[in-house]
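Participant: here is a sequence with its predicted model. Questions after.
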Amino acid sequence: MDGTGKIGILTGGGDVPGLNSVIKSVVYRASEMGRSVIGIRKGWEGLTHLDPTQETDARYVWPLTRENTRAIDRSGGTVLHTSRTNPVRIKKGSLPAHMPQSDLEELSGDGETFDFTPVVLRNLERLRISCLIVIGGDDTLGFATTLQIAGFPLIAIPKTMDNDVRGTEYCVGFSTAITRAKELVTRQRTTLGSHERIGIFRIFGRDAGFTALYTAYATSARCLIPEYAFDLDLLASLLVEDKRNNPSNYSFVIASEGAVWTGQKVADFGEVDAYGHRKKVDIGHALAEILRQKTGEETMTSDLTYDLRSGDPDAVDQVVATTFANLALDLIGDNVFGGMVAVRNGRYAHAPLPDPALGPRTVDVAKLYNTKRYRPHYTGKLGDPLFLISA
């Protein structure tokens, strides 16, 4: 394939504000280039479960035009919908009902899961998609690497509130998450002050603490990140100190969902998803109870997580999403495939797809985090990129 025909586009993993801005901008720019765009619905599921016996499968395929995408950038979420489907690990209980046994027997697997990579490639060919734009985080882009190795032309656009995709300093959705977290924390200060409590704000960040770190930076707060195990006694003393020094007699800390204290591990629960992840037990409730016991102070916990990924994007995410989309079309127009649009050293760039074996990008603790005070470092930023750290 030379990538000069129809363009496919999909969104995978969790939704974030700004996805619809990417989709609309791709459609508008493609139309100017004389190219048509096919939306693949429900992420990779749209290419694993598409029914080849149907002339058109509206559950998974949506031709996109300027008319049907005109106003989508004014709202959040993704009009293409999404899933956490991993095509190399389709569970036996989740197989497409239309798939004949003979086709299934041709796929590699362990009897419980099956590798649908050949199915995805066949469906792309059937839809006459010659290149694919994949919008997602580490998990979604992991399968993009599989397709790239198989020789299929594609371009990736990084998105995640955690801002932890390797190779880029910025992912679509991150600025809105920080903006919204700042607003929520600021509003809830009044409740903390009214009841003179210690507050724990739980925030997204399974493996990387960027969301907690930047929210703390914007609210002058303390924060706990997965990259550094904190000391419970030190944290308790700092929060009591903050409370006593505050005329309104309250204090608070922002905790990543994956943060742990020394000698403790945050437990997982629930089923393992297609990418091997389980949900984390809520550190907010656990920490609130322990701090109450240690300090004798009343505590309050607030889960900020899903509020951060819902609703329309802020101006930064709208600008970045639109620019990433146009960068992707620039690359497609130049027949440059197999990589990812990115921000590197504060500039828009083209980068290799992240290596799934390396895992997510993480906070540089020595550069960005004060391990004595559980705060971001505020000094020594001269010459740093806008979002404080290189890719």
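Facilitator: Arrived safely, thanks for sending.
Participant: which one is N326 nearest to, not counting chain neighbours?
Facilitator: R29 (5.6 Å; CB to CB, 6 or more residues apart in numbering). No exception for glycine: its C-beta is placed from N, CA and C like everyone else's.
Participant: list the contacts of that neighbour.
Facilitator: Going by CB atoms under 8 Å, 6 or more residues apart in numbering, R29 touches 325-326, 329.
Participant: and P226, how many neighbours?
Facilitator: Burial measure for P226: 22 neighbouring residues, criterion other CB atoms under 10 Å.
Participant: quick one: it and R206 touch, right?
Facilitator: Yes: using CB atoms under 8 Å, P226 and R206 qualify as a contacting pair, with a distance of 7.1 Å.
Participant: common neighbours of those two, please.
Facilitator: 256, 258.
Participant: list phi and psi for the residue nearest to N326.
Facilitator: phi -70, psi -40 (degrees, to the nearest 10).
Participant: for L64, see how far away it is.
Facilitator: Distance from R29 to L64, counting by CB to CB, to the nearest Å: 12 Å.
Participant: could you do S31 as well?
Facilitator: 9 Å.
Participant: quick one: low-confidence parts of this protein?
Facilitator: Within the chain, the stretches with pLDDT under 70 are 1-3, 265-281, 388-391.
Participant: would you map the strands across the stretch 151-300 of the chain?
Facilitator: Remark: strands assigned in the stretch 151-300 of the chain by DSSP state E, counting those that start in this stretch are 154-158, 198-203, 222-224, 251-256, 268-269, 279-280, 299-303.
Participant: turn those into TSV, columns for mean neighbour count and distance to P52.
Facilitator: Conversion of the strands of the stretch 151-300 of the chain to TSV gives the following (neighbours: other CB atoms under 10 Å; distance: least, CB to CB, whole Å):
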stretch	mean neighbour count	distance to P52
strand 154-158	28	21
strand 198-203	26	43
strand 222-224	26	49
strand 251-256	27	43
strand 268-269	10	37
strand 279-280	17	35
strand 299-303	18	42
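Participant: what is the burial count for V336?
Facilitator: V336: 14 neighbours (other CB under 10 Å).
Participant: could you look up the SS state of the nearest residue to it once chain neighbours are set aside?
Facilitator: Leaving out its chain neighbours, the residue that sits closest to V336 by CB to CB, 6+ apart is H350, at 7.1 Å. At H350 the chain is in strand, as set by DSSP: H, G, I helix; E, B strand; the rest coil.
Participant: ok, the one 4 residues further on next?
Facilitator: For P354, the secondary-structure state derived from three-state DSSP is coil.
Participant: from what I can see R180 touches Y306, true?
Facilitator: No: judged on CB under 8 Å, R180 makes no contact with Y306 at a distance of 10.5 Å.
Participant: between those two, which has more neighbouring residues?
Facilitator: R180 (20 against 10).
Participant: what about the more buried one, distance to L304?
Facilitator: Relative to L304, and taking CB to CB, R180 is found at 8 Å.
Participant: that older thread, let me see the contact set for the residue nearest to V336.
Facilitator: 327, 331, 336, 339-342.
Participant: of all these, which two lie farthest apart?
Facilitator: V336 and A342 (13.4 Å; CB to CB).
Participant: which residues pair with the residue nearest to V336 across the strands?
Facilitator: V341 (DSSP bridges).
Participant: gap between R202 and L329?
Facilitator: 38 Å.
Participant: please read the previous query as pertaining to G109.
Facilitator: For G109 relative to L329 (CB to CB), the value is 36 Å.
Participant: and the helices in the chain?
Facilitator: Using DSSP state H, the helices found in the chain span residues 19-32, 45-48, 66-69, 101-105, 117-126, 138-149, 174-195, 210-219, 232-245, 283-295, 305-309, 315-333, 365-368.
Participant: can you add distance to V79 and give the ones you listed back as TSV?
Facilitator: Output for the helices of the chain, formatted as TSV (distance: least, CB to CB, whole Å):
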stretch	distance to V79
helix 19-32	6
helix 45-48	13
helix 66-69	8
helix 101-105	31
helix 117-126	20
helix 138-149	17
helix 174-195	17
helix 210-219	25
helix 232-245	42
helix 283-295	32
helix 305-309	15
helix 315-333	13
helix 365-368	35
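Participant: of all those helices, which gets the most neighbours per residue?
Facilitator: helix 45-48 (a mean of 27; mean count of other CB atoms under 10 Å).
Participant: show me what that one is packed up against.
Facilitator: For helix 45-48, the packing partners by 3 or more CB pairs under 8 Å, 6 or more residues apart in numbering; DSSP states H and E come out as helix 117-126.
Participant: can you give the distance of the helix it packs on from its chain's centre?
Facilitator: Put simply, helix 117-126 sits 26 Å off its chain's centre (CA atoms, centre = their mean, to the nearest Å).
Participant: quick one, it and strand 154-158 angle?
Facilitator: Following axes from the mean of the first three to the mean of the last three CA atoms, to 10 degrees, one obtains 110 degrees for the angle between helix 117-126 and strand 154-158.
Participant: can you tell me what sits against helix 117-126?
Facilitator: 8, 44, 47-48, 50, 52, 87-88, 103, 106-107, 132, 146-147, 150, 152.
Participant: any idea how far G93 lies from N86?
Facilitator: In terms of CB to CB, G93 sits 14 Å off from N86.
Participant: more neighbours: which of those two?
Facilitator: N86 (25 against 6).
Participant: distance of the more buried one from G12?
Facilitator: 9 Å.
Participant: who touches both of those two?
Facilitator: Counting by CB under 8 Å, 6+ apart, the residues touching both N86 and G12 are 44, 139.
Participant: OK, contacts around L386?
Facilitator: For L386, counting by CB under 8 Å, 6+ apart, the contacting residues are G346.
Participant: mind running it again at 10 Å?
Facilitator: Contacts for L386 (CB atoms under 10 Å, 6 or more residues apart in numbering) come out as 169-170, 316, 343, 346-347.
Participant: thanks a lot, catch you later.
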